[in-house]
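>>> This is a predicted model, with the sequence first.
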Amino acid sequence: HPRAAAEGNDEPRAHRDAGQRQVHGRRGARRAQTFPITKKRGHICMELSLPETFEAYSDARKAGFLKVKTAKESGRRVAGTFCTFTPLEILDAAGMLAVSLCGMSAETIPAAEVDLPRNLCPLIKSSYGFYVSDKCPYTYFSDLIVGETTCDGKKKMYELMARGKELFLLHLPQGVDLPYARDMWRAEVRRLKEYLEERFGAEITDDALRAAARQRNMLREARSHLMEVLRADPAPVSGTELYKVLDGLGFDFDLPHAVAHVEELAARLRETKPSATAGGPRLLVTGCPIGGVYQKVLGAAERAGAQVVCFENCAGIKPARCCVDAEAEDILTAIADAYLTIGCAVMAPNRRRFDMIPALIEEFHADAVLDITLSSCHTYLIEGRSLRELCRSLGVPYMALETDYSQLDAGQIDTRIAAFVESL
């Protein structure tokens, strides 16, 4: 590793030897994780150590570490993912816990910028920073990271991550309309299944895949039902509060519990009477994943008197409406085909996004579109021009907002969004 060599340490960044993994920290110092092997309920289990800096973490982060540590010590394996294109049913059927590793905080960006350029998407830098700093329990305890060839920055980040973590890279076609796109993606999904079977000894049957598809479909439908409560005018809950629930669902390993919780919340909100002060212009939010900026941006919109009523983004509507045909004769093909219906700016052309947004404007009675893009996300930044033209043709006001995970632009965002909302 170039940095290690520069610091006088010519060992590899990470290696495994006799049941012990040694990983180089930020400045070449090494920490050791010992994995004693035990037997429990027929499983081979490991008693896992926590990061050296564990005691310095917040209570919420400590709880996350202990939660996934307990799951692993009971014999479960953890698969970290970064993208909604990752076919979670394959991981579920393999008996793995699938959890999102996307970094949504500026906290770890300085650690990432030791290796990565500063003019890079904050989501990539934050994700890589959590990896190198051991501040994310799910990255720390992941047996496998499943990456995907969406944006170029993430592809290169995965190459660095693969030096210290086992990583499987799914190659995504760059256009769904290409004649070979479906066959290529189906082959990639099958390759993931075969890899898990060979590498981890998983037995992934059609019955297990169908059961996983049904369970994931139930969660997708529950998420849709929750988001659909925002069709009401005035909305019974703020977009900020609802997005917080959506964002947290990626860390609930008990899927039946998650489904029941979300359906119960949706039912309760349908019966909620909005306050007398509720109302205001209705905004549809689109663009990049907003987990690291939603409080800053959505909070500004709501303080200005707007209602945030629809999320087209990665944690919102578009992945929730790609249900798998669990009764299809070839279930693996059905899983692959469902994921390829997700509209994303990495596709050229990205017809599905441009078909979905007009329909969502009508469904959620949106008065305007707020297009949130993370700094240096070239695909969404460039696609914003076409989206602006689409909104103009629909007679719907449009605002593009580029931001990052810092709070340096919070005042400017407040001012710009307040002016936009006032103009509606």
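Happy to help now that I have it.
>>> how about the strand or helix carrying Ala336 as CSV, C-alpha atoms only?
Element membership for Ala336 (DSSP states H and E) is helix 331-339. C-alpha atoms of helix 331-339 as CSV (Å, rounded to 0.1, in the frame of the first residue of the first chain):
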residue,chain,number,x,y,z
ILE,A,331,-37.4,-17.1,-9.4
LEU,A,332,-33.7,-16.0,-9.9
THR,A,333,-34.6,-14.4,-13.2
ALA,A,334,-37.6,-12.7,-11.6
ILE,A,335,-35.4,-11.3,-8.8
ALA,A,336,-32.9,-9.9,-11.4
ASP,A,337,-35.6,-8.4,-13.6
ALA,A,338,-37.3,-6.6,-10.6
TYR,A,339,-34.2,-4.8,-9.6
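>>> Going forward, the N-terminal residue is numbered 387.
Okay, using 387 as the starting number, the last item reads as helix 717-725.
>>> Show me what that helix is packed up against.
helix 567-586, helix 592-614 (3 or more Cβ pairs under 8 Å, 6 or more residues apart in numbering; DSSP states H and E). For every residue, glycine as well, the C-beta is placed using N, CA and C.
>>> Tell me which of those lies nearest to Leu553.
Ranking these by their distance to Leu553 (criterion: Cβ to Cβ) puts helix 567-586 first, at 11.0 Å.
>>> on that earlier part again, residues making contact with the very next helix or strand once past the helix holding Ala722?
Downstream of helix 717-725, the first helix or strand assigned by DSSP H and E is helix 737-749. Helix 737-749 is contacted by residues 562-563, 617, 670, 672, 696, 698, 703-704, 727-731, 752, 755, 769, 772-773, 776, 780, 782 when judged by Cβ atoms under 8 Å, 6 or more residues apart in numbering.
>>> before we move on, what about stretch 728-735?
Contacts of stretch 728-735 (Cβ under 8 Å, 6+ apart): 470-471, 536-537, 558, 560-563, 700, 704-705, 708, 736-742, 763, 765-766, 769.
>>> Could I get the average pLDDT for that stretch?
Stretch 728-735 shows a mean pLDDT of 93.
>>> Stretch 633-646 too?
Mean pLDDT, computed over stretch 633-646, is 85.
>>> And stretch 774-781, by the same measure?
Stretch 774-781 shows a mean pLDDT of 98.
>>> Check stretch 563-574 too.
On average, stretch 563-574 scores 95.
>>> do stretch 500-519 as well
95.
>>> buried sites along it?
For stretch 500-519, a neighbour-count test (16 or more other Cβ atoms under 10 Å) marks 501-502, 506-519 as buried.
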